[in-house]
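# When you get a sec, could you give me coordinates for this:
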Amino acid sequence: MDADLDTLCTVVYCTADDLLPEARGNARRKLTDAELVTLCVAQAIMGIPSDRRFLAVARKRLVHLFPLLPGQSGYHKRRRRLTGALEWLLGVFASQSPGFSDELLLVDSTPVPCAQSRETVKRSALADVAGYGYCRSHSRWYWGLRCHLLAAPDGTPRAEGRAPHQISIPRRDHAEQNADDWWTAAAAALRALTAEIDPSRIDGIAISNQRETMVPVSYTHLTLPTSHSV
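Alright, predicted model coming up:
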């Protein structure tokens, strides 16, 4: 039986409250760290990427669980400070899921946009690792990373790897990618992913795609320097 949102929030809160260390007292804080973690999980489950919109929805749908909600700026700062704790708790929740011991694992990738404007890109702390890329399954350009996730069939995350996609912009309104960079990024992400598991347990690899892609190559089977995919 699938748990409803209220039940899920209750379980997440109780687990986080038991495991997280007690934070230093701060009279200005409206929420404990466990409550903030629970809000972050609820935001992900509800599929609302905008903090402003999520907090507006939470004031209507979750007010019986969180009578005091932070402002958008405070919520963002607290979540950023708890990044390490959130990643650790994700592993804890995954270890308690049925799929954690499943022998069959699936790999998929998805773009992770990290900025929307050029000014944000310039001052982002991810400037050294993120890059521009094109997602054919969503038919859009993005600035960020491509995340490769290793998960059980029930969706339990087991490991992840990330790598940037580079893009060349030779002139205004013209963008290209080197097809070799696709393989380089995929290999880097998969190396990071398999470093978190025992590679000897991999019995086979299946590859699928969502739509056809053609890359022009030379007579020696080398990709052209700035190949357009078709």
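# quick check, distance from stretch 183-193 to the centre of its chain.
For stretch 183-193, the separation from the chain centroid amounts to 16 Å (computed by Cα atoms, centre = their mean, to the nearest Å).
# tell me the mean pLDDT for that stretch?
On average, the pLDDT along stretch 183-193 is 81.
# Out of the helices and strands in this protein, which is least certain?
In the chain, no helix or strand scores lower on mean pLDDT, DSSP states H and E than strand 174-176, which sits at a mean of 68.
# Heading C-terminal from that one, find the next helix or strand.
Going down the chain from strand 174-176, the next helix or strand is helix 179-194, by DSSP states H and E.
# List the buried residues of that following helix.
Neighbour-count burial for helix 179-194 flags 179, 181, 182, 185, 186, 188, 189, 190, 193, 194 (criterion: 16 or more other Cβ atoms under 10 Å). Where you see a C-beta, it was placed from the backbone N, CA and C, and this is true even at glycine.
# And the first one, how close does it get to residue 162?
Separation of residue 179 from residue 162 (Cβ to Cβ, to the nearest Å) stands at 20 Å.
# tell me the secondary structure for residue 143?
What DSSP: H, G, I helix; E, B strand; the rest coil gives for residue 143 is strand.
# Contact partners for it?
Contacts of residue 143 were listed using Cβ atoms under 8 Å, 6 or more residues apart in numbering, and they are 113, 114, 115, 116, 121, 130, 131, 132, 133.
# Spit out the contact partners of the third one.
I take that to be residue 115. 121, 124, 126, 130, 143, 144 are the contacts of residue 115 under Cβ under 8 Å, 6+ apart.
# can you give me phi and psi for it?
For residue 115, the backbone dihedrals are phi -160, psi 150 (criterion: degrees, to the nearest 10).
# please begin residue numbering at 462 from this point
Got it, first residue is 462 now, which makes that one residue 576.
# Mind checking what secondary structure the residue positioned nearest the centre of the chain has?
Among the residues of the chain, the one closest to the centroid is residue 573, at 5.9 Å (Cα atoms, centre = their mean). Secondary structure, three-state DSSP: residue 573 is strand.
# Could you list everything it pairs with in the sheet?
Counting by DSSP bridges, residue 573 is bridged to residue 606.
# thought it was touching residue 606?
Yes: Residue 573 lies in contact with residue 606 (Cβ atoms under 8 Å); the separation is 4.8 Å.
# How much space separates the residue nearest to residue 518 when sequence neighbours are not counted from residue 621?
Take residue 518 and drop its neighbours on the chain: the residue closest to it by Cβ to Cβ, 6 or more residues apart in numbering is residue 509, 6.3 Å away. To residue 621, residue 509 is 22 Å away according to Cβ to Cβ.
# Equivalent analysis for residue 469, please.
Distance of residue 469 to residue 621, given as Cβ to Cβ: 22 Å.
# now residue 643
In terms of Cβ to Cβ, residue 643 sits 18 Å off from residue 621.
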